[in-house]
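**Q** what's the 3D shape of this:
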Amino acid sequence: MSAGTKTLFSGTALGLSGPLRVEILPNGMTARLTQPFRVRTGAGRIIEVPAGFETDFASVPRLFWRVVPPWGRYSPAAVVHDYLYHTGKVSRLAADRVFLELMAALGVPLWKRQIMYWAVRLGGWLAWNASRKREAEHA
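**A** Numbers count the residues shown, from 1 in each chain. Got it, this is the predicted structure:
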């Protein structure tokens, strides 16, 4: 593992393909997956985030970082959520529900799961629409 590569999560609760490994990019705010990351949802669906995918983990306004920092126990769920929003492989509601389910499986406390889930339900449309616009421009 190179000096810039970090292992952020390792576990088997979600049928993970291995640890979440990323390299922090020069801006210090985003990271790039250095290997694919795969999870299995409770319904048995496999979601694989490819190596090279870039994420900002949880997109939390800086004002709230003391309560919910951009990374934490929920980081794998945030990476999968970012990927689902970026690709549009599922509906926005389905992506948000996967986020909630994965946070529960990762042991994120209920109060924090609820805050994060409702934050993406209320404000996630901005990121969702931006991704759909980029998708349309490149079609």
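**Q** For stretch 113-131, give me every contacting residue.
**A** Counting by Cβ atoms under 8 Å, 6 or more residues apart in numbering, stretch 113-131 makes contact with 58-60, 67-68, 74, 81, 85-88, 92, 96, 99-100, 103-104, 108, all of which sit outside it. C-beta coordinates here come from the backbone N, C-alpha and C atoms, glycine included.
**Q** And stretch 97-106, by the same measure?
**A** Around stretch 97-106, the neighbours that count as contacts under Cβ under 8 Å, 6+ apart are 9, 11, 13-14, 39, 41-42, 47, 73-74, 76-78, 80-81, 84, 90, 112-113, 116-117, 120.
**Q** how about the helices in the protein?
**A** Using DSSP state H, the helices assigned to the chain run over residues 75-87, 92-105, 110-123, 125-137.
**Q** Would you mind putting the ones you listed into CSV with distance to residue 23 alongside?
**A** Converted to CSV, the helices of the chain look like this (distance: least, Cβ to Cβ, whole Å):
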stretch, distance to residue 23
helix 75-87, 13
helix 92-105, 22
helix 110-123, 25
helix 125-137, 22
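**Q** so of those helices, which one's packed in deepest?
**A** Each of the helices of the chain was scored by mean neighbour count; the highest is helix 75-87, a mean of 23, by mean count of other Cβ atoms under 10 Å.
**Q** and the direction of that helix versus that of helix 125-137, what angle?
**A** Computed by axes from the mean of the first three to the mean of the last three Cα atoms, to 10 degrees, the angle separating helix 75-87 from helix 125-137 equals 40 degrees.
**Q** Which strands or helices does helix 75-87 pack on?
**A** Helices and strands touching helix 75-87, as assessed by 3 or more Cβ pairs under 8 Å, 6 or more residues apart in numbering; DSSP states H and E, comprise strand 5-9, strand 20-24, strand 37-40, strand 46-49, strand 54-55, helix 92-105, helix 125-137.
**Q** Can you give the contact residues for it?
**A** For helix 75-87, contacts defined as Cβ under 8 Å, 6+ apart pick out 8-9, 14, 16, 20, 33, 37, 39, 47, 49, 53, 55-59, 70-71, 90, 92, 94-96, 98-99, 102-103, 106, 108, 120, 124, 127-128, 131.
**Q** Could you rerun that using 7 Å?
**A** Helix 75-87 is contacted by residues 8-9, 20, 37, 39, 47, 49, 53, 55, 57-58, 90, 95, 98-99, 102-103, 106, 127-128, 131 when judged by Cβ atoms under 7 Å, 6 or more residues apart in numbering.
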